[in-house]
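> Quick one, structure for this:
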Amino acid sequence: MKDRLLGIAGGLLAFALVVILLVPVPRDDAGQLSRPLSTDRGRAGLQGLQRWLEQGGAQTHVLGRRYSALAASFDLSPVGNLLIVSLPQHTPSRSDEREALHTWLSQGNSALVLTAAGDAPRWVTASRGASTHDFLESFGFEFDMQQQAVAGRADTEENGKQEDAGIWPPRTDLEAWLAGEPVELPPRFHHPLTREVEAVSARSTGRLDRGWDLSSVDGGRVLLPLLGEAENGAAFWEARVGRGRMWVSRYSDLFANVGLGEADNARFMANLVGVALGANGRVIFDDMHQGATDLYDAKAFFSDPRFVNTMIFMVGFWLLYLIGRSRRLAPAREAASRYYAADLARAMAGFFVRRLSAVTVQRHLFIFFFNDIRSRYGLPANGQPVWSMLSGMSRVSAVDINGLRMHYDSAAAARKPDLVALARLMQRTRESLL
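Below you'll find the predicted structure:
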């Protein structure tokens with residue numbers, strides 16, 4: 001009984017260990033950070049944008065794989081698509097897939113890149129900051145500080161703590177500061193994207209947002225600023241990538257759930273979609289690099305009822321086996337057999353009987369018998385008969401010698417012998433010679 005209880009306790013402990021190591025800890029979806037995903041209904045999510053586009057007749061697509069899957073997808077048109085990318089990325093893109101994206105854009109597709117350079121959404125804290133620089137640099141762009149902003153920040157450093165207090169808010173007001181303050185981004189000039197657009201609304205982090213400008217790394221690319229006041233710098237740029245386009249925003253929330261309905265943001269997005277999409281083009285949401293991938297979804301796997309039912313069956317069967325198994329029901333074990341010399345002799349005799357005829361055995365018995373007598377008296381062991389020697393030995397009876405001669409003659413005539421009588425006769429003769 002004690003062994004059974006220990007077995008049950010060990011089984012339950014092993015099952016608990018498997019659950020702890022394999023099953024992910026459930027999280028409260030309401031407590032998660034809102035991210036720029038097509039399925040996110042929070043402030044930073046893009047679910048509202050996706051539904052709004054679909055209601056307007058635009059076709060959408062969710063990218064759950066690497067950028068190299070864009071050209072290989074049968075659901076997408078080769079040209080005339082618009083990819084929406086948010087930076088920084090939760091799952092940074094690799095250099096090879098950025099090269100594949102560059103090729104895909106050059107063939108006649110477009111990309112809308114929403115960077116968090118001028119705002120500070122919460123999801124940035126869980127993302128890789130270097131991914132913004134790597135992504136833009138792969139297309140020949142980078143964010144840098146304008147000269148007046150650099151001079152202003154140099155003055156700030158000289159002023160010391162007093163100036164720093166004007167930039168950084170008190171800790172009690174940090175929550176409101178991260179949420180940002182609304183800013184209006186008027187068009188720089190008339191452009192198809194700014195048609196019927198008076199201003200686009202965004203949320204800025206204040207003085208830390210000033211002076212950022214998008215520039216070409218080697219100076220060979222032309223950037224067209226479309227939005228933003230002159231004193232605060234541009235906030236939205238257009239650039240050519242082969243036969244395609246790339247639009248880069250300094251703010252990440254222009255078309256998020258919190259910002260799509262503000263000012264003329266929706267009109268600006270409608271103009272952008274109208275310019276970017278081709279006949280069969282789609283608006284593609286890059287969910288892969290914000291953590292929602294199709295490669296492996298642990299939450300969906302462990303919540304699958306088939307997995308749960310399988311685990312319940314296996315654990316139940318295992319516990320039933322641990323509880324029901326008893327030594328009384330175990331099969332009886334046979335004692336190990338012990339072998340003796342007689343068993344070996346019996347096995348060898350059986351082997352010879354199956355492989356040799358009785359006449360052959362009789363002849364070899366005489367050869368061994370004659371050689372045994374010859375070796376006693378220093379004669380060559382050639383198997384030749386020694387009848388004359390046996391006849392001259394008084395210790396051997398004439399009856400035994402005659403019996404041996406009769407068996408020898410029967411072997412020469414190939415008659416069926418009596419091996420038992422012959423073996424006894426030879427053994428008696430050997431004992432007489434001792």
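> How far off centre is stretch 393-407?
Mean-position distance between stretch 393-407 and its chain equals 89 Å (Cα atoms, centre = their mean, to the nearest Å).
> Quick one: residues in contact with it.
362, 366, 387, 390-391, 417-418, 421-422, 425-426, 428-429, 432-433 (Cβ atoms under 8 Å, 6 or more residues apart in numbering). (Glycine included, C-beta is placed from N, CA and C.)
> same question, stretch 120-139
Residues from elsewhere that reach stretch 120-139 (Cβ under 8 Å, 6+ apart): 33-36, 43-44, 85, 87-90, 92-93, 95, 98-99, 102, 113, 115-117, 142-143, 178, 180, 205, 214, 217, 239, 241, 246, 248, 252-253, 289-290.
> Just the buried ones out of the residues you listed, please.
Buried members of the contacts of stretch 120-139, counted by 16 or more other Cβ atoms under 10 Å: 33-36, 43-44, 85, 87-90, 92-93, 98, 102, 113, 115-117, 143, 178, 180, 205, 214, 239, 241, 246, 248, 252-253, 289-290.
> Now stretch 307-319: buried residues?
311, 315.
> Show residues contacting it.
8, 11-12, 15, 301.
> returning to that earlier point: can I have the buried ones of the contacts of stretch 393-407 as a ChimeraX selection?
Entered in ChimeraX, the line below selects the buried ones among the contacts of stretch 393-407, by 16+ other Cβ under 10 Å:
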select :362,366,390,417,422,425,426,429
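> and which of the contacts of stretch 393-407 is nearest residue 52?
For those, the minimum distance to residue 52 (Cβ to Cβ) is 109.4 Å, reached by residue 362.
> circling back: narrow the contacts of stretch 120-139 to those in strands?
Those of those mapping onto strands are 85, 87, 113, 115, 142-143, 214, 239, 241, 246, 248, per DSSP state E.
> So residue 392 versus residue 373, what's the distance?
12 Å (Cβ to Cβ, to the nearest Å).
> Between the two, tell me which one has more neighbours.
residue 373 (18 against 8; other Cβ atoms under 10 Å).
> re the thing from before, columns pLDDT and distance to residue 271 on top of the ones in strands among the contacts of stretch 120-139, output as CSV?
Formatted as CSV, those follow (pLDDT from 0 to 100; distance: Cβ to Cβ, whole Å):
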residue, pLDDT, distance to residue 271
85, 96, 19
87, 92, 22
113, 96, 17
115, 92, 20
142, 88, 27
143, 82, 25
214, 86, 20
239, 94, 17
241, 92, 19
246, 96, 16
248, 95, 16
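> Tell me the one of those residues nearest residue 222?
residue 239 (7.0 Å).
> who's residue 227 bridged to?
residue 187, residue 236 (DSSP bridges).
> how close does it sit to residue 271?
12 Å.
> Identify the contacts common to those two.
residue 194.
> more neighbours, these two?
The neighbour comparison of residue 227 against residue 271 (other Cβ under 10 Å) goes to residue 227, with 25 against 18.
> Enumerate every residue touching the more buried one.
185-188, 194, 200, 234-236.
> Among the residues you listed, name the buried ones.
185, 187-188, 194, 200, 234-236.
> Correct me if wrong: residue 185 contacts residue 235.
Yes. Contact criterion Cβ atoms under 8 Å: residue 185 and residue 235 qualify, at 4.9 Å.
> so what sits against both of these two?
202, 227-228.
> Could you tell me which residues make contact with residue 115?
Counting by Cβ under 8 Å, 6+ apart, the residues that residue 115 touches are 86-88, 132, 136, 143, 248-252.
> Among those residues, pick out the one closest to residue 344, please.
For the contacts of residue 115, the nearest to residue 344 is residue 88 (82.9 Å; Cβ to Cβ).
> Can you tell me the closest non-neighbouring residue to the closest one?
Excluding the flanking residues, the one nearest residue 88 by Cβ to Cβ, 6 or more residues apart in numbering is residue 127, at 4.1 Å.
> Give me the pLDDT value at the one you found.
At residue 127, the pLDDT value in this model is 70.
> Check the gap between it and residue 135 for me.
Residue 127 is 12 Å from residue 135, by Cβ to Cβ.
> quick one on the thing from earlier: adding distance to residue 322, write the ones in strands among the contacts of stretch 120-139 out as JSON lines.
Shown next, in JSON lines, are those (distance: Cβ to Cβ, whole Å):
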{"residue": "85", "distance to residue 322": "54"}
{"residue": "87", "distance to residue 322": "54"}
{"residue": "113", "distance to residue 322": "58"}
{"residue": "115", "distance to residue 322": "58"}
{"residue": "142", "distance to residue 322": "64"}
{"residue": "143", "distance to residue 322": "63"}
{"residue": "214", "distance to residue 322": "66"}
{"residue": "239", "distance to residue 322": "67"}
{"residue": "241", "distance to residue 322": "64"}
{"residue": "246", "distance to residue 322": "63"}
{"residue": "248", "distance to residue 322": "63"}
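> ok, which pair from the residues you listed is furthest apart?
Going by Cβ to Cβ, the pair spanning these furthest: 143 and 241, at 17.6 Å.
> Could you check how many residues crowd around residue 108?
Residues lying near residue 108 (other Cβ under 10 Å) number 18.
> now residue 238
So residue 238, with other Cβ under 10 Å, has 18 neighbours.
> so what's it up against?
Applying Cβ under 8 Å, 6+ apart, we find residue 238 in contact with 193, 223-224, 226, 245-247.
> Which pLDDT value goes with it?
For residue 238, the predicted pLDDT is 95.
> Tell me the spacing between it and residue 118.
17 Å.
> Just the buried positions in stretch 40-56, please.
Buried-residue list, stretch 40-56, by 16+ other Cβ under 10 Å: 40, 42-50, 52-53.
> Can you measure across it, start residue to end residue?
End-to-end distance for stretch 40-56, by Cα to Cα, to the nearest Å: 20 Å.
> Same question for stretch 240-257.
First residue to last in stretch 240-257 (Cα to Cα) measures 28 Å.
> Pretty sure residue 205 sits against residue 119.
Yes. Under the criterion of Cβ under 8 Å, residue 205 makes contact with residue 119 at 5.9 Å.
> which regions of the stretch 51-200 of the chain lie under the pLDDT threshold?
Filtered on pLDDT under 70, the stretch 51-200 of the chain yields the residue ranges 128-129, 145-180.
> Hmm, residue 249 is touching residue 228, no?
No. Contact criterion Cβ under 8 Å: residue 249 and residue 228 do not qualify, at 10.1 Å.
> shared neighbours of these two, which are they?
Common neighbours of residue 249 and residue 228 (Cβ under 8 Å, 6+ apart) are 235-236.
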